[in-house]
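Q: next comes the sequence, and after it the predicted model I'd like to discuss.
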Protein chains: 2
Amino acid sequence: MKLATLKTTGRDGQLIVVTRDLSRYIAVPQIAATLQAALDDWSDCEPRLRAVYDQLNAGHVAGAQPFDAAACHSPLPRAYQWADGSAYLNHVELVRRARNSQVPASFFTDPLMYQGGSDSFIGPRDPIIADSEDWGIDMEAEVTVVTDDVPMGTSPEDAIARIRLLMLVNDVSLRGLIPGELAKGFGFFQSKPASAFSPVAVTPDELGNAWAGGKVHLPMRVDLNGEPFGRPDAGQDMTFHFGQLIAHAAHTRDLEAGSIIGSGTISNKQGGLNGSSIRNGGVGYCCIAEVRMYETIETGKPSTPFMHFGDRVRIHMEDAQGQDIFGTIDQVVTQRTGA
Amino acid sequence: MKLATLKTTGRDGQLIVVTRDLSRYIAVPQIAATLQAALDDWSDCEPRLRAVYDQLNAGHVAGAQPFDAAACHSPLPRAYQWADGSAYLNHVELVRRARNSQVPASFFTDPLMYQGGSDSFIGPRDPIIADSEDWGIDMEAEVTVVTDDVPMGTSPEDAIARIRLLMLVNDVSLRGLIPGELAKGFGFFQSKPASAFSPVAVTPDELGNAWAGGKVHLPMRVDLNGEPFGRPDAGQDMTFHFGQLIAHAAHTRDLEAGSIIGSGTISNKQGGLNGSSIRNGGVGYCCIAEVRMYETIETGKPSTPFMHFGDRVRIHMEDAQGQDIFGTIDQVVTQRTGA
């Protein structure tokens, strides 16, 4: 099943059901006005939404409209929980190698996770607004899951069964603000501004065999200014699966339905190289910081700049037939008016 | 105006208007079903809620019921944003002095703030659930504000005008988990479980002259197992006022209506002592960690234990006439069933 949220004058938009091929949609106010409302009562709403989805795919729904990802908000325009892991330790290894330090052994058993802000997500085609290029504007392409209620103390295995939807995210990161903020000891805040999610959220069954072991076994496709930038496989080198990430988040608290849990920047090892650019025949990267770290390791200094005003990032994922699964995140970096 | 949320079968409870003396209440479904709904449309709802409040205080509302804080959820049972500052630098100084280090000068100009989780707050009379006393269970008594929409880049002065409500919070902290978690570099997650807010949220005008300069000039009253534990003044030694904290949170993103911003643990300097216990004639503390740090500075090691299962913490604030303003947070530490 594929769900999305149309932008409206309301803060939470309007829930719609979208065809598998992302060609048409229908609103479902008789089932739930918003995606959060559907998640709040998933056991009741899910079969009813699925019935509409099946009819819609079969071409049997009167009033279906052409689907336009540009009319979409993030599937949850605001959420109650956004917890982002850092499950691809290659990303962490690159950071550490670039400064000649090691990854602690505990990082392979105890997931890294930060508490994100979830009150004001931006839409998948909205600009990335920043005051200054000096903020070091970077994308991070990730897979995320949306959970049902997850009681405190849930095991990793049981947690997988609480996953209701998957989305992609551009977890925008302000690299220029991160060192100062992390040095204060309280984690990210200003350095992680509003994230944008894929236009469409899908149930795990939509991924077929690509959804296995709590991981998505497909390449993440990142393009920067029209050029391929990254194609790493989201199922490779993911040290912790989503069940483990959810269980980590629910270790000392309940998670409420509609909680979003992120994978962290997707990053593949390639031989002993910790990755390599697409231009050099590798799978490339899901954030600029990694190519800069690779450049630092190889040449002593980074040569790829962070994003400038006007730069454009596109993030999507295709199935084995080349069909876009989640719709495409497509954003241009833009200076804030008045900044 | 005083507002609260009754627990119901729904996730967001039911918005009620409460008399100034916390004696009676009336539900207001004709205005807004939930507090978030009222905040989403505050300019429309606020005058209508205030009209009910005035009538209720005058004894002119038919059907008003006796108010019982035990029937309340946190005013926002779940929120989209919970950002907690650490504005009382005496707290930070104590931590640092206990380990013979200094507070960086930048801490006096750049607020400390962590991103909290907001999906599953607990009620003001709900137990504090933990798996183990080894988690180092501690209270943190703080003042919080609830904002209207705050655009990115709002100034501290303008931010004060975006404050709609004030509440108290017990920002439960798991001291045993903090060092390991902060060492990972991504800030708090498991070490900050679900918070409980005061039964009642109040508009700033309810505080009269005690609300000045973006600070609440009244003692925070914390009792541990029936004994006075802290009476520090929330208006003293607050290095950053709420306008500054909100502006910090909104530096790189918009804040959505209903965002909760916390002051951090209230902590007063007393002479050169960085505080002193009530038993020793001081104003005491708003968390156990501080008295332990004070003990460490004075005697080389802490002697006050963190909370045990069965321990009870009460947090409230009184006006000049001794009237409870926000209702009382009253929680007992309880082991999780199955832990």
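A: All right, it came through fine.
Q: contacting residues around residue A:336?
A: By CB atoms under 8 Å, 6 or more residues apart in numbering or on different chains, residue A:336 lies in contact with A:129, A:130, A:131, B:152, B:153. Placement of C-beta: from N, CA and C, glycine included.
Q: ramachandran angles for the last one?
A: Geometry field for residue B:153 lists phi and psi as phi 90, psi 10, criterion degrees, to the nearest 10.
Q: and the closest residue to residue A:93 other than its chain neighbours, what helix or strand is that in?
A: Closest residue in space to residue A:93, ignoring its immediate chain neighbours: residue A:103 at 5.3 Å, by CB to CB, 6 or more residues apart in numbering or on different chains. In the assignment (DSSP states H and E), residue A:103 maps to no helix and no strand.
Q: distance check, residue A:103 against chain B.
A: 11 Å (CB to the nearest CB, to the nearest Å).
Q: can you tell me how far the residue nearest the centre of chain A is from residue B:50?
A: Residue closest to the average C-alpha location in chain A (CA atoms, centre = their mean): residue A:169, at 2.3 Å. With distances taken as CB to CB, to the nearest Å, residue A:169 is found 40 Å from residue B:50.
Q: just the closest residue of the stretch 51-200 of chain A to chain B, please.
A: Shortest the stretch 51-200 of chain A-to-chain B distance, computed as CB to the nearest CB: residue-wise this is residue A:187, at 1.8 Å.
Q: for that residue, helix, strand, or coil?
A: coil (DSSP: H, G, I helix; E, B strand; the rest coil).
Q: and it, what's its pLDDT?
A: The model reports residue A:187 with a pLDDT of 94.
Q: ok, now residue A:182?
A: 89.
Q: can you verify my assumption that residue A:52 contacts residue A:17?
A: Yes. Taking contacts as CB atoms under 8 Å, residue A:52 lies within contact range of residue A:17: 5.0 Å.
Q: list the contacts of the helix or strand of chain A with the lowest mean pLDDT.
A: Here the helix or strand of chain A ranked lowest by mean pLDDT, DSSP states H and E is helix A:89-98, holding a mean of 84. Here helix A:89-98 makes contact (CB under 8 Å, 6+ apart) with A:86, A:102-103, A:107-108, A:112, A:237, A:239, A:264-265, A:267-269, A:274-275, A:287, A:289-290, A:293-294, A:296-297.
Q: let's go with 7 Å and repeat that
A: Applying CB atoms under 7 Å, 6 or more residues apart in numbering or on different chains, the external contacts of helix A:89-98 come out as A:86, A:102-103, A:107-108, A:237, A:239, A:264-265, A:267-269, A:274-275, A:290, A:293-294, A:296-297.
Q: which element follows that helix toward the C-terminus?
A: Next along from helix A:89-98, by DSSP H and E: strand A:113-115.
Q: packing partners for that next one?
A: Packed against strand A:113-115 by the contact rule (3 or more CB pairs under 7 Å, 6 or more residues apart in numbering or on different chains; DSSP states H and E) you find strand A:82-85, helix A:242-249.
Q: would you format these as CSV with mean neighbour count included?
A: CSV is the format used below for the helices and strands packed on strand A:113-115 (neighbours: other CB atoms under 10 Å in any protein chain shown):
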stretch, mean neighbour count
strand A:82-85, 26
helix A:242-249, 25
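Q: select, out of those, the one closest to residue B:63.
A: Nearest of those to residue B:63, taken as CB to CB: strand A:82-85 at 40.2 Å.
Q: now that closest one: average pLDDT?
A: Averaging pLDDT along strand A:82-85 yields 98.
Q: swap in stretch A:265-279?
A: Mean predicted confidence for stretch A:265-279 is 83.
Q: can you tell if it touches chain B?
A: No. Judged by CB under 7 Å from any CB of the partner chain, stretch A:265-279 makes no contact with chain B; its nearest approach is 13.3 Å.
Q: what comes into contact with that stretch?
A: Taking contacts as CB under 7 Å, 6+ apart, the residues outside stretch A:265-279 that touch it are A:88, A:90-91, A:93-94, A:97, A:140-142, A:220, A:228-229, A:231-234, A:236-237, A:282-287, A:290-291, A:294.
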